[in-house]
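> I'd like to go over a predicted model; first the sequence, then the structure.
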Amino acid sequence: MAALLEVDNLRVGFGGCDVVRGVSFTVGAGESVALVGESGCGKSMTSLALTRLPPTDRAEVSGSVRFDGRPLSGPTNGIAYVFQDPMGSLNPVMKVGRQIREAMRGPGDIAGLLRSVGFASPEAIMVSYPCELSGGMCQRAMIAMALAGEPRLLVADEPTTALDVTTQAEVMDLIGRVTKERGMALLLATHNLALVAGRCDRMCVLYAGRIVEDGVVGEVLAAPRHPYTRGLVRAVPRIEDGRANRLRDIPGTVPSPADIARMQGCVFAPRCEFARPECRLAGAEERRCVAARPA
Ligand SMILES: Nc1ncnc2c1ncn2[C@@H]1O[C@H](COP(=O)(O)OP(=O)(O)O)[C@@H](O)[C@H]1O
Ligand code: SF4
Ligand SMILES: [Mg+2]
């Protein structure tokens with residue numbers, strides 16, 4: 001059976017510089033898949049290009065996106081988004097209840113929906129304006145709005161990055177619970193590997209607009225194969241490490257799209273502890289890493 005979402009060789013470019021460079025992955029019905037990588041790796045552009053949301057509506061986009069067996073070329077009721085900044089995504093001058101009603105495809109139980117995202121007194125929330133709620137409450141309201149359209153896929157792009165650590169875990173658990181309860185698929189874009197562990201089925205690791213490794217979350221975290229994934233996994237804060245984990249971050253930064261266009265060979269080479277001379281030759285590619293551990 002075909003997957004719910006099938007992305008094949010997706011490219012997104014701005015002014016001739018590609019920021020997503022041939023990304024392919026699938027999300028099955030009810031499955032949760034994480035897109036992970038440092039800031040600037042192309043997680044948001046990949047997520048937004050699925051339905052051509054701005055700014056990808058004015059980007060050069062190619063490749064194939066199929067949803068529910070059909071080609072997808074724009075926004076659809078079947079896919080809802082939750083973004084990092086809930087305040088910026090909610091309408092500041094409209095009461096929360098009305099915003100949710102407008103997101104519903106027909107009459108529906110707004111109070112029940114708010115209760116399902118953890119509000120004990122939904123009636124009070126319905127008559128509130130977003131500015132009267134905390135960041136965590138706004139994100140719960142955004143999740144309720146996303147669920148209101150009964151999507152089959154929820155795309156959550158760094159949904160907890162703006163929240164404090166305790167609220168982050170609560171909101172991630174909420175997203176996991178509501179998607180599971182409703183049989184919805186989840187595509188989670190995050191730079192935070194700690195949020196992925198135990199919450200997603202599979203993960204795709206993006207570096208500079210390409211997937212360098214993908215697999216079952218537990219397997220990738222236990223035995224990462226690609227040097228970039230190894231660096232990411234090592235940089236995940238572990239309680240027993242205390243402050244020491246900060247010392248093990250991957251040195252350097254993600255190259256800009258303009259730099260990538262000028263580079264030859266594997267684009268991870270300047271940061272890679274396993275780099276060999278041949279990694280910098282034309283034809284060498286991060287996706288065919290010479291130092292990747294065998295599966
Ligand atoms: N509106 C835009 N126009 C051109 N380039 C952009 C735009 N937005 C982001 N980019 C570039 O696209 C690349 C991928 O960005 P993004 O998808 O936001 O990464 P991530 O979500 O993984 O942090 C980055 O190099 C970023 O600078
Ligand atoms: S191809 Fe070479 S430089 Fe690139 S990730 Fe693999 S070992 Fe490192
Ligand atoms: Mg992003």
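That came in fine, so what should we check first? Ligands and ions are numbered 1, 2, ... in the order given.

> quick check, stretch 31-48 touching ligand 2?
No - Stretch 31-48 lies out of reach of ligand 2 by Cβ under 6 Å from any ligand atom, never closer than 13.7 Å. (Glycine included, C-beta is placed from N, CA and C.)

> Residues in a beta bridge with the residue nearest in space to the middle of the chain, which ones?
Most central in the chain under Cα atoms, centre = their mean is residue 189, positioned 1.1 Å from the mean C-alpha point. On the basis of DSSP bridges, residue 189 is bridged to residue 35, residue 157.

> Now for it: which residues touch it?
Taking Cβ atoms under 8 Å, 6 or more residues apart in numbering, we find residue 189 in contact with 34-36, 43-44, 46-47, 155-158.

> Now the phi/psi pair for residue 206, please.
phi -100, psi 130 (degrees, to the nearest 10).

> I'd like the distance between it and ligand 3.
Using Cβ to the ion, to the nearest Å, we find residue 206 at a distance of 10 Å from ligand 3.

> Look at that residue and report its pLDDT.
Looking at residue 206, its pLDDT is 98.

> do residue 16 as well
91.

> Quick check: residue 290 touching residue 277?
No - in terms of Cβ atoms under 8 Å, residue 290 does not count as a neighbour of residue 277; the distance is 10.7 Å.

> the more surrounded of these two?
residue 290 (13 against 9; other Cβ atoms under 10 Å).

> tell me the SS of that one?
Assigned with DSSP: H, G, I helix; E, B strand; the rest coil, residue 290 falls in the coil class.

> Equivalent analysis for the one 3 residues further on, please.
Three states are possible here, and by three-state DSSP the one that applies to residue 293 is coil.

> didn't it look like it was pressed against residue 225?
Yes - using Cβ under 8 Å, residue 293 is in contact with residue 225, at 4.4 Å.

> ok, back up a step: switch the contacts of residue 189 over to TSV; also include pLDDT and neighbour count.
Output for those, formatted as TSV (pLDDT from 0 to 100; neighbours: other Cβ atoms under 10 Å):
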residue	pLDDT	neighbour count
34	98	27
35	98	27
36	98	27
43	98	25
44	97	21
46	98	27
47	98	23
155	98	26
156	97	27
157	97	20
158	95	20
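
> Among these, which one sits closest to ligand 2?
For the contacts of residue 189, the minimum distance to ligand 2 (Cβ to the nearest ligand atom) is 16.3 Å, reached by residue 36.

> Strands along the stretch 151-295 of the chain, start to end?
Here the stretch 151-295 of the chain has its strands, by DSSP state E, counting those that start in this stretch, at 153-157, 185-190, 202-207, 210-216.
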